[in-house]
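Enquirer: What follows is a predicted protein model with its sequence.
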Amino acid sequence: MTFRVRLILALVALATVPLLVLGYGVRSEMRARLDADAAGRAEAAAASLRTRFTESLAADRRRMESLAAGLANDNRFRTAIADVASEERRWLLDWASETMRVTGLATLEVQDSTGRILSSGLFRNDFDRVAPAAPRAVASTPARAAVIDARSPDAPVLALVTTATFTVRSMRFTVVGGTPFDSAHVAALSPGATIAAVLVTGATPARDGEIDIASLPYVNEAASGDAATARIVLLPDGGATRALKAGVTRWLLVTVAVTLLIAVAVAVLLGRSIAAPIVELSGRTASLDLDRLDQKFVSGRDDEIGALERTLDALTGRLRTSVSRLREAERAAATGDLARQVNHDIKNGLAPIRNVLRHLAQTAEKEPAALAGVFAERRGTLDASVEYLDALARNYARLSPTLGRGPTDPRPVMHAVAQGVTALTVDVRVSDTVPPVLADAVVLQRVLDNLVSNAVEALEGKPGTVMLAAESVRDGAQPYVRFVVADTGRGMTREELALAFNDFHTTKRSGTGLGLSVVRRLLTDVGGSVRAETAPGHGTTFTVDIPAAVR
C-alpha cells in the first residue's frame with residue numbers, strides 16, 4: 001500500500017467514525033421513542049375497535065332474537081311446519097327473502113334441529129337442503145358468532161352471522177342471519193385513518209405489526225363448508241415513522257458523503273505535495289524500462305497478428321455451424337407448435353363424441369330398451385362434432401385458412417357446446433333477441449368449447465356450476481354479442497392469470513397450454529376480444545365480445 005493511499009484512509013477514518021457513532025445514537029434513540037408512541041396509539045385504537053365490534057355483534061344478536069320470537073308467535077309458521085301442502089308453506093319459503101329486504105341483512109335462514117333449511121333469503125329453492133355448518137360454527141365459540149362466505153346467485157357474500165333458537169310444537173328451530181362483513185364494513189370499524197381494520201380468512205400468515213381484535217369461526221359455503229378461522233386485525237400505518245427514520249438516515253449519509261469528499265480532497269493535496277520528489281525520481285527510471293519494452297513489442301508483433309488471424313478463422317467456422325443448427329431447431333420448433341395446436345383442436349372435437357359413446361355403452365349395458373331413444377337424443381351432438389372435425393380438417397388442409405365472417409346464429413352453437421359436456425349440466429342462458437355474430441360457426445364453437453372445457457376442469461370433480469350466457473351490447477355505433485363463461489371452481493392467482501393466454505403455459509398435468517392462446521388468436525382474427533375476472537377460491541369468469549351482424 002502506497003504512502004498516499006495510507007494518508008487518504010487515515011483522514012477518512014478520522015472524519016467519518018465520529019459522525020457514524022453520533023448518527024447511530026440519534027437514530028436508535030429516535031426509533032425507540034417513535035416505536036413506543038406508535039404502540040400506545042395502536043393499543044388505544046384496538047380497544048376502541050373491540051368496543052365497536054362488540055356493540056355491533058350485540059345489536060345483530062338482538063335482531064335475531066326478535067325475529068325468532070316473531071316466528072314463535074306466528075300462527076302461519078305453525079301451520080307451515082305442520083302441513084307442507086298448505087298455502088302458508090309458500091309464505092314460509094318467501095319469509096327469509098322478504099325479511100332480508102326489509103331489515104338490510106346480508107343472509108338469513110330458518111333451520112330445524114337437524115340443520116334442514118326451511119326458508120333461505122339468498123336461494124328460495126334451498127329449502128330441504130341440510131346445511132348445519134353455520135349454526136355449529138356459531139355454537140362453537142363463546143362469542144356466539146361466525147363469519148360466513150355465503151353462496152348467492154351473483155357472487156359469494158361475506159357476513160357476520162349469529163343465531164337465535166325458539167321452540168314450536170316441541171320442536172327446536174334456529175334463525176341464522178347477519179349483516180354484511182366484507183372489507184369495506186370491517187374498515188368502517190377502524191377508529192382512525194392511520195390504522196386500518198382488516199378481515200383475514202383461512203390460513204393467512206400474520207403480518208408484521210398486526211394486532212388481533214377477535215377470532216371467529218369461518219365457513220365457506222361455496223367450497224367445502226368446513227369451519228376454519230377468520231380474524232379481525234389492526235394494521236397500524238407506520239408510514240410517517242418510516243419516513244422520519246428514512247429522512248434522518250438520508251441526511252446522515254449525505255453528511256458522511258460530503259465529509260468523505262473533503263477528506264479525500266485534503267489527503268490527495270497533501271499526498272501530492274509530499275510525494276512529488278519521489279514521483280520525479282521514479283519517472284526517470286521508468287523511461288529506461290519503456291524503451292526496452294518497445295523493442296520487444298516490435299519484434300513480436302508479426303507473430304501475434306498471425307496467431308490472431310488463425311483464431312478468427314476458427315471462430316468464423318464455428319459460427320457458421322451454429323447458425324445452421326439454429327435454423328434446423330427453429331424449423332423443428334415450428335413443426336412441433338403446429339402439431340400441438342392440431343392435437344388440441346382435435347381433442348376438443350373428439351371429447352363430445354367420446355362422451356356420447358360412453359353414454360350409449362352405459363345405456364346398452366343397463367337399459368337396452370332405451371338405447372334407441374338415447375341415440376336419438378344425443379345424435380345431434382354426434383352430428384355437430386363430426387361437422388366440427390370436418391371443418392377443422394378442411395381448414396388445416398389449407399394450412400392458412402381464410403376465416404369466414406358471415407352471420408352465424410350463436411344459439412345452436414351454444415347448445416351444441418353444452419350438450420357435449422356430460423360431467424355436469426351447463427346452464428345456458430340466451431334469449432331469442434340475441435343477433436347473429438360476424439364469425440364462422442367453427443371459430444365460434446372452438447372459442448366456446450375451449451372456455452367451457454376449462455371451466456369444467458376448474459371444478460376438479462367437485463360440486464359446482466358452469467354457466468354459458470349471451471347478450472346483446474353496444475359500444476358506440478358498433479353492436480356486439482357478449483358471451484360469458486363462468487364457473488365456481490378454484491380460480492386463479494394474479495400470477496396464473498398473467499400467464500394464462502401464453503402459448504404452452506398450463507397448470508394441468510396433461511394440458512397442452514394452447515386452449516386460451518388459441519381463443520385469443522381466433523378472436524383477434526374476427527375482430528373480437530376476451531378478458532378474464534378471477535380470484536382464488538371464487539371461480540373464474542371469461543367475457544368474450546364478438547361484433548354482431550347488422551340487421
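Expert: Thanks, I have the structure now.
Enquirer: Confirm for me that residue 207 is in contact with residue 235.
Expert: Yes. Between residue 207 and residue 235 there is a contact under C-beta atoms under 8 Å: 6.7 Å. (C-beta placed from N, C-alpha, C; glycine too.)
Enquirer: Next secondary structure element downstream of the lowest-mean-pLDDT helix or strand in the chain?
Expert: For the chain, counting by mean pLDDT, DSSP states H and E, helix 239-366 ranks last in confidence among helices and strands (a mean of 68). If you walk from helix 239-366 toward the C-terminus, the next helix or strand you reach (DSSP states H and E) is helix 371-397.
Enquirer: Report the mean confidence score over that following helix.
Expert: Per-residue pLDDT over helix 371-397 has a mean of 76.
Enquirer: tell me which strands and helices it is in contact with?
Expert: Where contact means 3 or more C-beta pairs under 8 Å, 6 or more residues apart in numbering; DSSP states H and E, helix 371-397 is packed against helix 239-366, helix 410-419, helix 441-458.
Enquirer: elements contacting the helix or strand that that helix is followed by?
Expert: Next along the chain after helix 371-397, taking DSSP H and E as the criterion, comes strand 407-408. When contacts are defined as 3+ C-beta pairs under 8 Å, 6+ apart, strand 407-408 sits against strand 437-438.
Enquirer: now the strand it packs on: mean pLDDT?
Expert: pLDDT averaged over strand 437-438 gives 93.
Enquirer: what's in contact with that strand?
Expert: Under the criterion C-beta atoms under 8 Å, 6 or more residues apart in numbering, residues 405-408, 410, 444, 481, 526-527, 546-549 lie in contact with strand 437-438.
Enquirer: quick one, what contacts the residue nearest the centre of the chain?
Expert: By C-alpha atoms, centre = their mean, the chain has its centre lying nearest to residue 493, at 3.0 Å. Contact analysis of residue 493 by C-beta under 8 Å, 6+ apart lists residue 536.
Enquirer: What about it? Give its phi and psi, please.
Expert: For residue 493, the backbone dihedrals (degrees, to the nearest 10) come out as phi -80, psi 170.
Enquirer: Model confidence score at it, please.
Expert: At residue 493, pLDDT is 89.
Enquirer: again, but for residue 142
Expert: In this model, residue 142 carries a pLDDT of 89.
Enquirer: So residue 208 lies in a strand, does it not?
Expert: No. With DSSP: H, G, I helix; E, B strand; the rest coil as the criterion, residue 208 is assigned coil and is not in a strand.
Enquirer: where's it relative to residue 236, distance?
Expert: 10 Å (C-beta to C-beta, to the nearest Å).
Enquirer: what about residue 207 and residue 235, which has more around it?
Expert: residue 235 (17 against 10; other C-beta atoms under 10 Å).
Enquirer: quick one, phi psi at that one?
Expert: According to degrees, to the nearest 10, residue 235 has phi -120, psi 90.
Enquirer: Next, count neighbours for the closest residue to it other than its chain neighbours.
Expert: The shortest distance from residue 235 to any non-neighbouring residue, by C-beta to C-beta, 6 or more residues apart in numbering, is to residue 196 (4.8 Å). Other residues near residue 196 come to 17 when the count uses other C-beta under 10 Å.
Enquirer: Other residues contacting the host helix or strand of residue 196?
Expert: Residue 196 belongs to strand 195-201 when assigned by DSSP H and E. Applying C-beta under 8 Å, 6+ apart, the contact partners of strand 195-201 are 41-42, 45, 49, 147, 149, 158, 181-183, 186-187, 189-190, 210, 213, 218, 220, 228-237.
Enquirer: do stretch 17-32 as well
Expert: Residues outside stretch 17-32 that contact it (C-beta under 8 Å, 6+ apart): 244, 245, 248, 249, 252, 255, 256, 259.
Enquirer: As JSON lines, those with distance to residue 375 would be great.
Expert: Listed next are the contacts of stretch 17-32 as JSON lines, based on distance: C-beta to C-beta, whole Å:
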{"residue": "244", "distance to residue 375": "79"}
{"residue": "245", "distance to residue 375": "77"}
{"residue": "248", "distance to residue 375": "82"}
{"residue": "249", "distance to residue 375": "79"}
{"residue": "252", "distance to residue 375": "85"}
{"residue": "255", "distance to residue 375": "89"}
{"residue": "256", "distance to residue 375": "87"}
{"residue": "259", "distance to residue 375": "92"}
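Enquirer: Any of these buried? List them.
Expert: 245, 252, 259 (16 or more other C-beta atoms under 10 Å).
Enquirer: Next, give phi and psi for the nearest residue in space to the first one that is not next to it in sequence.
Expert: In space, and not counting its chain neighbours, residue 245 is closest to residue 31: 6.4 Å by C-beta to C-beta, 6+ apart. Summarising the backbone geometry of residue 31 under the convention degrees, to the nearest 10, its torsions are phi -60, psi -40.
Enquirer: Compute the distance between residue 31 and residue 528, please.
Expert: Applying C-beta to C-beta to residue 31 and residue 528 gives a distance of 57 Å.
Enquirer: Equivalent analysis for residue 369, please.
Expert: As for residue 369, its distance to residue 528 is 46 Å (criterion: C-beta to C-beta).
Enquirer: Comparing those two, which shows the higher neighbour count?
Expert: residue 528 (23 against 7).
Enquirer: Who's the closest spatial neighbour of the more buried one, skipping the chain neighbours?
Expert: Nearest one to residue 528, counting by C-beta to C-beta, 6+ apart, is residue 546 at 4.1 Å.
Enquirer: Same question for residue 534.
Expert: Computed as C-beta to C-beta, 6+ apart, the closest residue to residue 534 that is not its neighbour in sequence is residue 540, at 4.0 Å.
Enquirer: repeat for residue 539
Expert: With C-beta to C-beta, 6+ apart, the residue lying closest to residue 539 is residue 488, at 4.3 Å.
Enquirer: Repeat that for residue 409.
Expert: Closest to residue 409 by C-beta to C-beta, 6+ apart is residue 436, at 5.2 Å.
Enquirer: so the one you found makes contact with residue 413?
Expert: No. Judged on C-beta under 8 Å, residue 436 makes no contact with residue 413 at a distance of 10.5 Å.
Enquirer: Among these two, which residue is more densely surrounded?
Expert: Neighbours per residue (other C-beta under 10 Å) separate residue 436 from residue 413, with residue 413 holding more: 25 against 16.
Enquirer: Okay then, goodbye and thanks.
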